[in-house]
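>>> need a 3D model of the following:
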Amino acid sequence: MKIIIFSDVHANLEAFEAFLKIADEMEYDRIFNLGDTVGYGADPNRCVEIMREREIPSVTGNHDDVVLGRYEPVNFNPDARRSILWARSVLTEDNKNYLRTLGDFLWVDSSLGKAILVHGSPDDKDDYIMTDVQAGEVFDSMSSRGVIYAFIGHTHKACYWLKDMDGGIKQINCDSDACSVKLRHGEAMICNVGSVGQPRDGTSKGCFIEWDDIGNSINFIRFEYDFSKTRKKIIDAGLPPLHGQRLGSGI
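Predicted structure coming up:
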C-alpha cells in the first residue's frame, strides 16, 4: 500500500495545486492531510473546497480550530493572528461546517504496526515536537498505546526521529531534495511531513511524503511552484507581507 501524507497547506492555492498535480501522476492507494488548511495565505475557501471535492481524509490543525472560533489566537504572533482572523471573516459557512466535521486523529494499520496521524503531537495536536527530548517523551507515550509510527506536521520542517530497539533516538532533517528512510521491524518513528504551503526549513520548495507500506520506506518529495503569484495575492488581500516574503526563502 502506497500512502501520500501532506500537511500545512495554509491557504496557498498555487502550492496546493502544484502538489496535487504531482500526486495525481503518482500511484498511491490512500492520501491524508494533517491539518492547517487555512491561515497565512489568501485562498482559504478554495483550498478547503478542494479538500471537500476530493474527499481527502483530514485532521484539524490549530489554525483550523481558530478559524472556527474554538479558541482565540492569543498565542499567535501578531501577523499570524491578523491572517487567521481575516480567514475567519471570509471563510464560507459551508467550508466552516466541513472543518467542523474533522477529528483530531486518524489511524492507519501498517505492515509493521499501528500508525497515528495528527497535526502536532500524538499527546496534544497543538504541541510542537522540535527536540530529541520532546521526541523521547512522545515515543514513551506512543509505546504505552501500542503505536509504532506517528506522522505529524505543525512545525513546517520536514524531518524524522527513529527510536531503535535499544532506546536510542536519532533525528534526521530532510531539508534537501533527496531524503528517504528505510523502516525496520522494531524501530519506532516520528515523521514530520513538512509543509505544502509554508515551508520553513530553508527552502522555497513545498514538501510531502510517500509512504510505501509494502517496501517499508518513506520518501520526502520536494516540489517547486510559482510562489511569486501567492505572494502577490497575500499583498493584494491586505494580509501581512511577511507571509508572502518568506515563501521565497523558507524561513
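>>> ok, Glu17 - how many residues close by?
Using other Cβ atoms under 10 Å, Glu17 is surrounded by 15 other residues. In short, each C-beta sits where N, CA and C put it, glycine included.
>>> any idea how far it lies from Thr230?
11 Å (Cβ to Cβ, to the nearest Å).
>>> kindly report the same for Leu85.
Taking Cβ to Cβ, one finds Leu85 at 20 Å from Thr230.
>>> which one of those two is surrounded by more residues?
Taking other Cβ under 10 Å, Leu85 and Thr230 do not tie; Thr230 has more neighbours (27 against 14).
>>> tell me the SS of that one?
helix (DSSP: H, G, I helix; E, B strand; the rest coil).
>>> hmm, it is touching Leu247, no?
Yes. Using Cβ atoms under 8 Å, Thr230 is in contact with Leu247, at 6.0 Å.
>>> which stretches in the stretch 1-150 of the chain count as strands?
Remark: strands assigned in the stretch 1-150 of the chain by DSSP state E, counting those that start in this stretch are 2-6, 30-33, 106-110, 113-117, 147-152.
>>> can you redo those as JSON lines with mean pLDDT?
As requested, the strands of the stretch 1-150 of the chain are arranged in JSON lines below (pLDDT from 0 to 100):
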{"stretch": "strand 2-6", "mean pLDDT": "97"}
{"stretch": "strand 30-33", "mean pLDDT": "98"}
{"stretch": "strand 106-110", "mean pLDDT": "94"}
{"stretch": "strand 113-117", "mean pLDDT": "95"}
{"stretch": "strand 147-152", "mean pLDDT": "97"}
